[in-house]
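Asker: no FASTA, just this:
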Ligand SMILES: NC(=O)c1ccc[n+]([C@@H]2O[C@H](COP(=O)([O-])OP(=O)(O)OC[C@H]3O[C@@H](n4cnc5c(N)ncnc54)[C@H](OP(=O)(O)O)[C@@H]3O)[C@@H](O)[C@H]2O)c1
C-alpha cells in the first residue's frame, strides 16, 4: 500500500489520519507542534522532524493546514520546507480550504519542480472523517486524480471531480457560505427553543423530522447536547468567511452572508482563537 505523508494534525487532519490508519495505510507525519500529534504517534504513525523528512519518506503528501501563512511555511519559507526535497515523483494533495487564486499559484509553482498538485477541500468535519463519509471537491490533472483516488476514497463517500485549477476551492468557499448561514440560523432557533422551555430531545425529534432539518441543525444539536467541541474552530469559520469576502470582492450586496461574517467575527472577538464555531450559543445566552 502507498505510504502516505501527512502534514497538519489539527481537528480535521487528526481525524483523517486515524481513518487512514484504520484502513491499513502507513502514515508518516509532521505537525508544527509535536504534542498535538501525540495521540496519532501512540496509534503507530511515524513522526518526521520536518516537512523535508516527510518528502524523503513519502511520494504522496497531504496538507491539512489553517491557511496561507501555514501553507507558505510548510512549502516554501524555511530551511526545512518541502521545496528543498520536492521532485517529479511527488504529489501534494491539499485538504486545506484556501483562496482559489492561491490554489492556482500553488499548482503552477509546484509544476516548476515537476510536482503534481490536487486541490481537495472536504466537507463533513471530524465526524465524517472518522466514519469515512467526507465529501471532497477535487481539482487538478485527471491522470493524477485517477492515480490517487483510491487513497482519497479511504476517507470520503462522495467525490466531485471538477478538473480546472481553482474551481474546487471556489465551490468549497461558496459551500462554506451556506454552512455558515445554516449554522447560525440553527443556533438561533435552538437557543430560542430553550428559552421558551422546550427540551433539546423534543426539538431534535421535531426539527430533524421536519424541514427545519439540515446537517448544521444536527451540528448545533450535537453541540448543545454534549457541550463539547464541534471540532471546528471559530478561527476556521472566520477564515472561511474572509475567503468568501476576498473572492467575491464584497458581501455588501449579500446581506445574509455579510451578517454571518459579522456574527462570526463578533463571536471570535469574545471567545478568541480557541473558540468553537458553536460559541454563538453562548453569545446569545449572554445577550438575552
Ligand atoms: N475542522 C473541520 O471540520 C474542517 C472541515 C472542512 C475543512 N476544513 C479545513 O481544513 C483545514 C484544517 O482545519 P482544522 O479544523 O484541522 O484546523 P486546526 O484544528 O486549526 O489545525 C490547523 C493545522 O495547521 C497547523 N498550522 C497552523 N498554523 C501553522 C503555521 N504557521 N505553520 C505550520 N503549521 C501551522 C496547525 O499546527 P499546530 O498543531 O502546531 O497548531 C494544525 O496542524 C482548514 O483549512 C479548514 O478550513 C476543516
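Answerer: Good, I have the coordinates. Keep in mind it's a predicted model, so treat the numbers as computed, not measured. Residues are numbered from 1 along each chain as shown.

Asker: contacts, neighbours, all on C-alpha from now
Answerer: Noted.

Asker: now the stretch 101-250 of the chain against the ligand: closest residue?
Answerer: residue 125 (3.2 Å; CA to the nearest ligand atom).

Asker: which ones are touching that residue?
Answerer: When contacts are counted by CA atoms under 8 Å, 6 or more residues apart in numbering, residue 125 touches 12, 134, 231, 232.

Asker: ditto for residue 190
Answerer: 200, 203, 220, 221.

Asker: the ligand contacts on this structure?
Answerer: 8-13, 31-33, 36, 64-67, 69-70, 73-74, 95-97, 122-123, 125-126, 231-232, 236 (CA under 6 Å from any ligand atom).

Asker: what about 5 Å?
Answerer: Within the chain, the residues that sit near the ligand (CA under 5 Å from any ligand atom) are 8-12, 32-33, 64-66, 70, 96-97, 123, 125, 232.

Asker: output the below-cut-off pLDDT ranges for this protein.
Answerer: For the chain, residues meeting the criterion pLDDT under 70 lie at 288.

Asker: just the strands in the stretch 101-250 of the chain please.
Answerer: 116-119, 122-123, 134-139, 156-163 (DSSP state E, counting those that start in this stretch).

Asker: ok, which of the ones you listed comes nearest residue 240?
Answerer: strand 122-123 (12.4 Å; CA to CA).

Asker: skipping adjacent residues, who's closest to residue 31 in space?
Answerer: residue 8 (5.0 Å; CA to CA, 6 or more residues apart in numbering).

Asker: what is the burial count for the one you found?
Answerer: Using other CA atoms under 10 Å, residue 8 is surrounded by 26 other residues.

Asker: what does residue 234 give?
Answerer: 24.

Asker: now the one 3 residues further on
Answerer: Per other CA under 10 Å, the neighbour tally for residue 237 reads 22.

Asker: leaving out chain neighbours, which residue sits closest to it?
Answerer: residue 277 (6.5 Å).
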